[in-house]
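Peer 1: Got a predicted structure plus its sequence, pasted below:
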Amino acid sequence: MPPTTSRPVPEQTPRSGRHALLVATGIFLSRVFGLVRQRVLSHFLGLTDASDAFQIAFRIPNFLQNLLGEGVLSASFIPVYARLRAEGRQEEATHVANAIFGLLALATSVIVLAGMALADPLTHLIAPGFRGAKHVLTAHLVRLLFPGAGLFVFSAWCLGVLNSHRRFLLSYTAPVIWNAAIIGTVLLSAGQGDETTIAVAAAIGSVVGAALQVLVQIPTVVTLTRSLRPNLAIHSPDVRAVLKNFGPVFVGRGVVQISAYVDSILASLLGTGPVAALANAQVLYTLPVSLFGMSVSAAELPAMSSATGSPGEIAAALRDRLNEGLRRIAIFVVPSAAAFLLFGDIIAAALFQTGRFTAADSRFVWAILAGSAVGLLAATLGRLYSSAYYALRDTATPLRFAVLRVLLTTILGYLCAVALPPLLGIDAKWGAAGLTASAGVAGWVEFLLLRGGMNLRIGGTGLPLRFLATLWASALVSGLIALGLDRATGMVSPIARALLVLPSYGILYFGLAALAGLPEPLLMVRKVLRRG
């Protein structure tokens with residue numbers, strides 16, 4: 001039997017920044033294609049009933065992807081698999097990977113078939129405001145999309161294996177091919193029918209792209225695991241450990257998804273457009289979450305899970321990684337939130353304002369983005385804290401906090417989205433902005449609980465108040481100056497305005513933060529100047 005003596009992974013601390021950069025690079029490429037995909041859909045569908053139907057239809061099978069996909073596997077599978085590799089037990093690691101693949105295949109197949117059969121009642125449940133042809137189209141799209149959601153689960157399994165081997169770029173770049181497939185099918189169908197035809201083509205393209213996304217990862221995964229022999233053997237203590245961790249995270253993801261579906265239910269009651277506008281805003285909102293929150297968290301989870309030594313040594317290692325990671329996240333997320341607040345209309349117009357997507361639609365998306373900015377920092381920092389809990393083999397604590405967040409999101413979301421607009425005498429559709437703002441408030445509550453619980457276990461972590469104040473001051477001053485430049489030039493073209501405002505804003509922000517003495521922005525500025 002191979003030795004079980006713990007030994008450190010040679011790639012740990014010195015290369016964690018590089019790993020985060022690889023994750024961010026992969027996510028950036030996939031998100032760029034995601035923005036192109038959303039622009040193409042917006043051009044041909046606008047904020048119409050067909051656009052609402054497609055967005056809701058994609059969200060329903062997406063429930064399966066989120067329940068069994070990346071987040072759950074990252075929390076349950078990666079800590080066990082990475083620990084086995086850190087201890088030199090490759091054979092046991094391969095057995096765990098194959099067993100989890102087999103179990104996922106069985107569970108996913110059953111759920112996909114059930115989802116396709118129950119597409120109509122599921123649509124009634126998630127979009128009670130859809131009636132007539134809009135409901136029929138949505139149910140049809142759900143049936144088409146469910147097999148693709150099942151394929152995404154296998155893509156998430158590939159990601160778990162690749163991340164554990166520190167192969168981050170491939171797993172996070174793979175979604176590029178999925179986005180490209182949707183873009184291609186929409187463009188091919190654009191001249192052959194109305195919005196309904198285009199929505200159906202997009203759904204078919206999604207399934208084809210999901211299959212391609214899995215296929216591009218499989219050869220590397222087989223090489224790393226040394227074999228791909230799916231089975232249902234759960235007798236191994238390591239497999240049972242994954243399943244034990246899987247349960248609370250599975251429930252936790254389910255609870256979080258309930259929150260997302262509450263948003264969809266409420267948005268479906270607000271008329272034509274809010275569901276599609278929320279989807280457009282989500283593409284923008286999740287960009288900094290993915291680029292900065294997910295990239296750092298994904299890179300740190302295998303390393304934190306591989307930490308060895310006494311409890312005190314492990315706690316010290318986690319503190320160092322958390323504090324460093326929190327700073328790296330905040331440096332980029334704070335200016336992202338400020339940008340959504342100050343000139344979300346410019347961003348939305350540059351990306352989506354074409355064809356059937358109007359200037360008024362851009363302003364509507366801006367309102368939703370501004371609401372999202374409320375909890376953007378909490379959402380990204382919370383991801384890293386959750387990874388720390390998972391590294392400590394604790395999946396129950398994040399679950400408890402997630403349940404509380406969902407309850408708050410549901411209550412506050414109803415009050416802000418449904419009850420508040422009539423009291424203010426405004427159009428019901430503006431309640432969509434209340435949905436994102438209320439979710440942000442609940443996100444801050446969850447973040448504070450995650451940080452407080454972790455600090456009790458490993459000691460003090462978090463961001464200094466002066467550090468945060470400097471970031472926000474730099475972002476707000478830079479944003480106001482960039483807006484002044486926009487007003488002074490009087491440009492009309494959405495893309496030209498964005499090309500003026502966004503680079504000016506970014507340069508000013510990092511310059512001011514560096515002048516304020518923050519080491520990270522100062523180091524970035526020095527690197528740029530040296531290369532220049």
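Peer 2: Here it is on my side, so go on.

Peer 1: so where's the stretch 201-350 of the chain shaky on pLDDT?
Peer 2: 247-260, 298-299, 302-303, 306-308 (pLDDT under 70).

Peer 1: Okay, strands next: where are they in it?
Peer 2: Per DSSP state E, counting those that start in this stretch, the stretch 201-350 of the chain has no strands. Nothing in it meets that criterion.

Peer 1: residue boundaries of the helices in it?
Peer 2: 218-225, 237-268, 274-288, 295-305, 311-352 (DSSP state H, counting those that start in this stretch).

Peer 1: Would you reformat the ones you listed as a markdown table and include distance to residue 425 and mean neighbour count?
Peer 2: Just so you know, the C-beta spots here come from the backbone N, C-alpha and C atoms, and that holds for glycine as well. Putting these into a markdown table (distance: least, Cβ to Cβ, whole Å; neighbours: other Cβ atoms under 10 Å) gives the following:
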| stretch | distance to residue 425 | mean neighbour count |
| --- | --- | --- |
| helix 218-225 | 56 | 16 |
| helix 237-268 | 19 | 19 |
| helix 274-288 | 18 | 25 |
| helix 295-305 | 42 | 26 |
| helix 311-352 | 23 | 21 |
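
Peer 1: Which of these sits closest to residue 127?
Peer 2: helix 237-268 (4.2 Å; Cβ to Cβ).

Peer 1: Just give the closest residue to residue 482, not the sequence neighbours.
Peer 2: In this structure, residue 482 finds its nearest non-sequential neighbour in residue 505, 4.0 Å apart by Cβ to Cβ, 6 or more residues apart in numbering.

Peer 1: who's in contact with that neighbour?
Peer 2: Neighbouring residues of residue 505 by Cβ atoms under 8 Å, 6 or more residues apart in numbering: 335, 339, 343, 478-479, 481-482.

Peer 1: Could you report the separation of it from residue 290?
Peer 2: From residue 505 across to residue 290, the span is 20 Å (Cβ to Cβ, to the nearest Å).

Peer 1: Show me the shaky parts of the stretch 51-200 of the chain.
Peer 2: In the stretch 51-200 of the chain, residues with pLDDT under 70: 61-75.

Peer 1: my guess is residue 340 contacts residue 369, does it?
Peer 2: Yes - here residue 340 reaches residue 369: they are 4.3 Å apart, a contact under Cβ atoms under 8 Å.

Peer 1: residues shared between the contacts of these two?
Peer 2: The contact lists of residue 340 and residue 369 share 284-285, 347, where a contact means Cβ under 8 Å, 6+ apart.

Peer 1: so can I have CSV of those residues showing distance to residue 495?
Peer 2: CSV is the format used below for those (distance: Cβ to Cβ, whole Å):
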residue, distance to residue 495
284, 15
285, 21
347, 11
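
Peer 1: For residue 423, state which of the contacts of residue 505 is nearest.
Peer 2: The nearest member of the contacts of residue 505 to residue 423, counting by Cβ to Cβ, is residue 343 at 28.8 Å.

Peer 1: Is it correct that that closest one is in contact with residue 482?
Peer 2: Yes - under the criterion of Cβ under 8 Å, residue 343 makes contact with residue 482 at 7.3 Å.

Peer 1: what's the overlap in contacts for the two?
Peer 2: 501, 505.

Peer 1: What are the boundaries of the strands in the stretch 1-150 of the chain?
Peer 2: Going by DSSP E, counting those that start in this stretch, the stretch 1-150 of the chain shows no strands.

Peer 1: residue boundaries of the helices in it?
Peer 2: Counting by DSSP H, counting those that start in this stretch, the helices of the stretch 1-150 of the chain are 12-45, 49-68, 70-86, 90-117, 119-126, 132-164.

Peer 1: Generate CSV for these, with distance to residue 501 and mean neighbour count as supplementary columns.
Peer 2: Formatted as CSV, the helices of the stretch 1-150 of the chain follow (distance: least, Cβ to Cβ, whole Å; neighbours: other Cβ under 10 Å):
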stretch, distance to residue 501, mean neighbour count
helix 12-45, 17, 20
helix 49-68, 27, 25
helix 70-86, 33, 24
helix 90-117, 43, 18
helix 119-126, 37, 18
helix 132-164, 35, 23
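
Peer 1: ok, back up a step: tell me which element the residue nearest to residue 482 falls in.
Peer 2: In this assignment (DSSP states H and E), residue 505 forms part of helix 494-515.

Peer 1: and that helix with helix 311-352, angle?
Peer 2: Counting by axes from the mean of the first three to the mean of the last three Cα atoms, to 10 degrees, helix 494-515 points 150 degrees away from the direction of helix 311-352.

Peer 1: Name the residues of helix 494-515 that come out as buried.
Peer 2: 494, 497-498, 500-502, 504-505, 508-510, 512-514 (16 or more other Cβ atoms under 10 Å).

Peer 1: Centre of the chain to it, how far?
Peer 2: Chain-centre distance of helix 494-515: 25 Å, with Cα atoms, centre = their mean, to the nearest Å.

Peer 1: go on, stretch 53-62?
Peer 2: With Cα atoms, centre = their mean, you get 16 Å for stretch 53-62.

Peer 1: How about stretch 34-45?
Peer 2: That offset, for stretch 34-45, works out to 19 Å (Cα atoms, centre = their mean).

Peer 1: Right, I'll leave it there.
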